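In: A predicted structure for the sequence below; I have some questions about it.
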Amino acid sequence: MKAIQTDRLVIRNFRVGDAEALFDYLQEPIASCFFSLKLADLAAAESEVLKRASDDEYAAVCLQESGHLIGDLFIHPDAALPDDPEKPQHPDTVSVGWNFNPLFSGKGYAFEAAQAMCAELFKHQSIRRIYAYVEDHNASSRRLCEKLGMRMEGLFLEYVTFQNDSVGNPIYENTMQYAILWHEWKRR
């Protein structure tokens, strides 16, 4: 991916050297949806960085002044259904999300990064629709979606599970879906 610069941040591909900072926030993920990404040690973080560096699914969010990794954004394109099997289709809908080191929360970095990524997707990648899934108890991600101009489209009751209770039963969480269309983004 082409790097994106904001006033305070650089959004770029992951690279060697990001492992320690990635480990800082994935050794004990805060949001339950990231429990499966938990890293056991620095070696696991180094392996994860190499995996993330090989594609554009994850983007590293770094402070512009120091280059320090403070979080990441992820982009999952929906599979395009071709009208004509001879012509490959470019997906026009993507799911986005974010995961930031809690040491950097409350400073507007997540909004700054997510806004820049959405602008990039809409303006330069011809995306028509961006959506995000957020657990209903994740107030900061819900606020971020709303600040981006996304509207809540639905609430999925007991939609997904990321952990089990003390006897091994899955704990199901309610998940909200937020979305924004290109023409809604332009009007903000």
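Out: Sure thing, it's come through. Numbering: from 1, shown residues only.
In: Just the pLDDT for residue 90.
Out: pLDDT for residue 90: 68.
In: heads up, I number from 615, so please use that
Out: Fine by me, first position is 615 from now on; the one you just mentioned is residue 704.
In: Next, the contact list for residue 709, please.
Out: 689-690, 692, 744-747 (CB atoms under 8 Å, 6 or more residues apart in numbering). Every C-beta, even on glycine, is put in place using the N, C-alpha and C of the backbone.
In: I should have written residue 622 there, sorry.
Out: Under the criterion of CB under 8 Å, 6+ apart, the contact list for residue 622 reads 677-679, 723, 726.
In: next one: residue 788
Out: Counting by CB under 8 Å, 6+ apart, residue 788 touches 749-751, 769-773.
In: which of those has the most neighbours?
Out: In terms of neighbours by other CB atoms under 10 Å, these top out with residue 749 at 18 neighbours.
In: surely that residue meets residue 791?
Out: No: using CB atoms under 8 Å as the test, residue 749 is too far from residue 791 to be in contact (11.3 Å).
In: returning to what we had before: now the contacts of residue 788 in TSV, with distance to residue 652?
Out: Listed next are these as TSV, based on distance: CB to CB, whole Å:
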residue	distance to residue 652
749	17
750	22
751	19
769	27
770	24
771	26
772	23
773	21
